[in-house]
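>>> what follows is a predicted protein model with its sequence.
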Amino acid sequence: MRFMMLMIPKGYENAAPGSMPDAEAVAAMMKYNEALQKAGVLLALDGLHPPSMGARVSFDGGKPKVTDGPFAEAKEVVGGYWMIQVKSKEEAIEWASRCPASANEVIEIRQVQEFSDFPADVQEAAAGFSEMQAEAGQRRET
Amino acid sequence: MTACATHRAIDAVWRIESARIIASLARMVRDVGLAEELAQDALVIALERWPESGIPDNPGAWLMAAAKHRALDHLRRKKLLERKHEEFGRELEVQQELAVDDVDTAPDDDIGDDLLRLVFTACHPVLSTEARVALTLRLLGGLATDEIARAFLVPEPTVAQRIVRAKRTLAEARVPFEVPRRDELAARLAAVLQVLYLVFNEGYSSTAGDDWIRPALCEEALRLGRILAELAPQEPEVHGLVALMEIQASRTRARIGPSGEPILLLEQNRARWDQLLIRRGLAALERAEALGGAFGPYALQAAIAACHARARTSEETDWARIAALYDALAQLAPSPVVELNRAVALAMAFGPAAGLELVDALTSEPTLKGYHLLPSVRGDLLAKLDRLDEARAEFEHAASLTRNERERELLLERARACARGSAPPEPR
């Protein structure tokens, strides 16, 4: 089973553009990342710049409307993620519990959907989905 | 938390920690089998206490400390019996470790060394291949006996016995708990890699998804392979094997049709290949090559798999490169099956006549006598060369050899097409 662990740092919704965690926190996090890697469960990971460098497009009334970050309404935003492969949700929770996170950080654990999770009609509607994944993967590679 | 939820949580901790705990204890008591039993004791204590007391803040460290206490008790009892200085020294060592015991502060290198020793012990040459597989899954994968039994479709008592006997063999042969010396490292490492690949293939060759544990063996082998790559990062063949497994695993979703029928590589919907695993596989292959391991047997097979992985359609496959890689593999690890694959690659790259020459040479090969793919490939090449009568005979022969109903039907259909005088459409 694959799980995405989403890191949600409180306050990140208002962080200034380009703000970075301090080196000490990063060093501790790297130790944790290494532990995931040495346990053979880490598939991928990334950190995200704060929302003040991003934008949101909303669709009130069916029309796209662009809001530049930071987002006044946002209570929490994602700061980064890990993709892990483990045997159970409990194992994902156990790994998340070991993260050297600070008091204002939350990790959300979400299982990755497999195509076979979908009922037949959704599988049909999503027929091109895996093609897209392949296509995207191919581009990232070249 | 309910007792059931606690048990599931303990399972998760055990899966993460068991190998490290067993490895550490094995260094202390110098007996892998005993180390496993002591670690199991600690697990039992956790299963008894945690539902009551709740899961401790650092469950890994708790289990490790409980296990070391068990080891200490054991060494004390043994010392009373034998009064040996050596044990006394070890007891002190364990006491010191316990005094500063904390998994977080334990230098990870030591754990890594212990784990590597455990890998080599579980795959020691005094053990049969079956015993190595069972012991590896048990000690390193943390799998229960019944899980291993279900995975390999053998009765549980058989696996239990296999493990007991393997532990006894290791103890009686006084197998040292160590990483082999430089001069024997390559041979021993090959045995370790063979075990991992065996486990992987056991899961990969099972097509049915009704029992999750068989496909889960692929994940387990991959996980152990990735761990080994971290423990022995300088060994190119470890990365070669990981690359091969990552790329093969990337095709899992595309290998089986809606009614459970196997789908051959060239017919697979490549969109369903897992690009994340392919990228990881290609990266592992690069590591193997960067370490000078491009011509190791696993790296070569991974390089062949990578050629398929890189081709966006089967028509884009770089068959000339695959043929060259099979040439190298045939020299390094010659086998009739490799030769047959090389023949297919040659035919795809340079035309059916080039492949047929090689296939003809294999027809007298005794080990391929009952192998349906040989006449199947030969029939295919003959049909392409418009020698339809001979092709028909080959397809019929192949049909009589295969045990797969759907494949037999396909082969007979091709034979009938040859009889009608039309070169049959290629199913490959």
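Received, thanks.

>>> the residue nearest the centre of chain A sits in which helix or strand?
What sits nearest the mean C-alpha location of chain A, by CA atoms, centre = their mean, is residue A:81, with 3.5 Å. Per DSSP states H and E: residue A:81 is located in strand A:80-85.

>>> so what's residue B:281 up against?
Taking CB atoms under 8 Å, 6 or more residues apart in numbering or on different chains, we find residue B:281 in contact with B:242, B:243, B:244, B:245, B:246, B:247, B:250, B:302, B:305, B:306, B:309. C-beta here means a position set from N, CA and C on the backbone, and glycine is covered the same way.

>>> equivalent analysis for residue B:224, please.
A:40, B:136, B:140, B:141, B:196, B:199 are the contacts of residue B:224 under CB under 8 Å, 6+ apart.

>>> how about the strand or helix carrying the fifth one and chain A, touching?
Per DSSP H and E, residue B:196 falls inside helix B:182-205. No: using CB under 8 Å from any CB of the partner chain, helix B:182-205 stays clear of chain A, with a minimum separation of 11.2 Å.

>>> what is that helix packed up against?
helix B:108-122, helix B:129-135, helix B:213-231, helix B:236-249 (3 or more CB pairs under 8 Å, 6 or more residues apart in numbering or on different chains; DSSP states H and E).

>>> which one is residue B:9 nearest to, not counting chain neighbours?
residue A:90 (5.1 Å; CB to CB, 6 or more residues apart in numbering or on different chains).

>>> swap in residue B:235?
Per CB to CB, 6+ apart, closest to residue B:235 is residue B:189, 6.1 Å.

>>> count of neighbours near residue B:155?
Using other CB atoms under 10 Å in any protein chain shown, residue B:155 has 9 neighbouring residues.

>>> and what of the one 10 residues further on?
By other CB under 10 Å, 14 other residues sit near residue B:165.

>>> swap in residue B:61?
Neighbours of residue B:61 (other CB under 10 Å): 17.

>>> residue A:69 and residue A:78: what is the separation?
Distance from residue A:69 to residue A:78, counting by CB to CB, to the nearest Å: 13 Å.

>>> revised request: answer the last question for residue A:35.
22 Å.

>>> sec struct for residue A:4, please.
Secondary structure, DSSP: H, G, I helix; E, B strand; the rest coil: residue A:4 is strand.

>>> mind listing the residues bridging to it?
residue A:83, residue A:110 (DSSP bridges).

>>> so where's chain A shaky on pLDDT?
Judged by pLDDT under 70, chain A has its weakly predicted residues at A:130-131, A:133-142.

>>> which phi and psi values does the residue in the stretch 301-428 of chain B that chain A sits nearest to adopt?
Proximity of the stretch 301-428 of chain B to chain A (CB to the nearest CB) peaks at residue B:312, 6.4 Å away. Residue B:312 adopts backbone torsions of phi -80, psi -30, taken as degrees, to the nearest 10.

>>> the strands in the chain, which residues?
Going with chain A. A:2-9, A:42-47, A:55-58, A:65-68, A:80-85, A:105-111 (DSSP state E).

>>> strand partners of the third one, parallel vs antiparallel please.
What that stands for is strand A:55-58. As assigned by DSSP bridges, strand A:55-58 forms pairs with strand A:65-68 (antiparallel).

>>> which residues are contacting the partner strand?
Contacts of strand A:65-68 (CB under 8 Å, 6+ apart): A:55, A:56, A:57, A:58, A:59.

>>> max pairwise distance over those residues: which two?
A:55 and A:59 (13.8 Å; CB to CB).

>>> tell me the residue of chain B that sits nearest chain A?
Closest point on chain B to chain A, by CB to the nearest CB, is residue B:275, at 2.4 Å.

>>> hang on, that residue packs against residue B:250?
Yes: counting by CB atoms under 8 Å, residue B:275 does reach residue B:250; the two are 7.4 Å apart.

>>> so what's residue B:372 up against?
Contacts of residue B:372 by CB under 8 Å, 6+ apart are B:398, B:399, B:401, B:402, B:407, B:411.

>>> contacts only, for the third one.
For residue B:401, the contact set (CB under 8 Å, 6+ apart) comprises B:370, B:371, B:372, B:375.

>>> of those, which is the most crowded?
Most surrounded of those: other CB under 10 Å gives residue B:375, at 25 neighbours.

>>> so what are the domain limits for chain A?
A:2-111, A:117-141 (the TED database).

>>> are the longest helix anywhere in chain A and chain B in contact anywhere?
Identified as the longest helix of chain A according to DSSP state H is helix A:23-38. Yes: contact of helix A:23-38 with chain B (CB under 8 Å from any CB) involves A:34, A:37, A:38.

>>> gap between the spatially closest residue to residue A:112 that is not a sequence neighbour and residue A:45?
Computed as CB to CB, 6+ apart, the closest residue to residue A:112 that is not its neighbour in sequence is residue A:2, at 4.0 Å. Using CB to CB, one gets 13 Å for the distance from residue A:2 to residue A:45.

>>> and if you look at residue B:67?
Residue B:67 is 31 Å from residue A:45, by CB to CB.

>>> between these two, who's got more neighbours?
residue B:67 (27 against 17).

>>> please, which helix or strand holds that one?
Here residue B:67 sits within helix B:59-82, counting by DSSP H and E.

>>> mind listing what's buried in that helix?
B:59-72, B:74-75, B:78-79 (16 or more other CB atoms under 10 Å in any protein chain shown).

>>> against which helices or strands is that helix packed?
Using 3+ CB pairs under 8 Å, 6+ apart, helix B:59-82 is in contact with helix B:3-29, helix B:32-53, helix B:85-99.

>>> how many other residues sit next to the closest residue to residue A:58 other than its chain neighbours?
Spatial nearest neighbour of residue A:58, chain neighbours left out: residue A:65 (5.2 Å); criterion: CB to CB, 6+ apart. Residues contacting residue A:65 under the criterion other CB under 10 Å number 10.

>>> got it, and residue A:20?
Count around residue A:20 with other CB under 10 Å applied: 11.

>>> okay, now the closest residue to it other than its chain neighbours: neighbour count?
The spatially closest residue to residue A:20, leaving aside those adjacent along the chain, is residue A:26, at 8.0 Å (CB to CB, 6+ apart). Look at residue A:26: counted by other CB under 10 Å, it has 13 neighbours.

>>> before we move on, what about residue B:186?
By other CB under 10 Å, 11 other residues sit near residue B:186.

>>> ok, now residue B:310?
There are 17 residues near residue B:310, going by other CB under 10 Å.

>>> can you pull the contacts of the closest residue to residue B:343 other than its chain neighbours?
Spatial nearest neighbour of residue B:343, chain neighbours left out: residue B:358 (3.9 Å); criterion: CB to CB, 6+ apart. Counting by CB under 8 Å, 6+ apart, residue B:358 makes contact with B:339, B:342, B:343, B:346.

>>> what's the spacing between residue B:358 and residue B:391?
17 Å.

>>> enumerate the residues of the stretch 101-250 of chain B near chain A.
B:108, B:112, B:216, B:219, B:222, B:223, B:224, B:225, B:226, B:227, B:230, B:231.

>>> show me which of those is closest to residue B:172.
Nearest to residue B:172 among those, with distances taken as CB to CB, is residue B:224, at 26.3 Å.

>>> so what pLDDT did the closest one get?
Listed pLDDT for residue B:224 reads 96.

>>> next one: the one 5 residues further on
Looking at residue B:229, its pLDDT reads 96.

>>> surely it and residue B:245 touch.
No: at 10.6 Å, residue B:229 and residue B:245 do not qualify as touching, with contact defined as CB under 8 Å.
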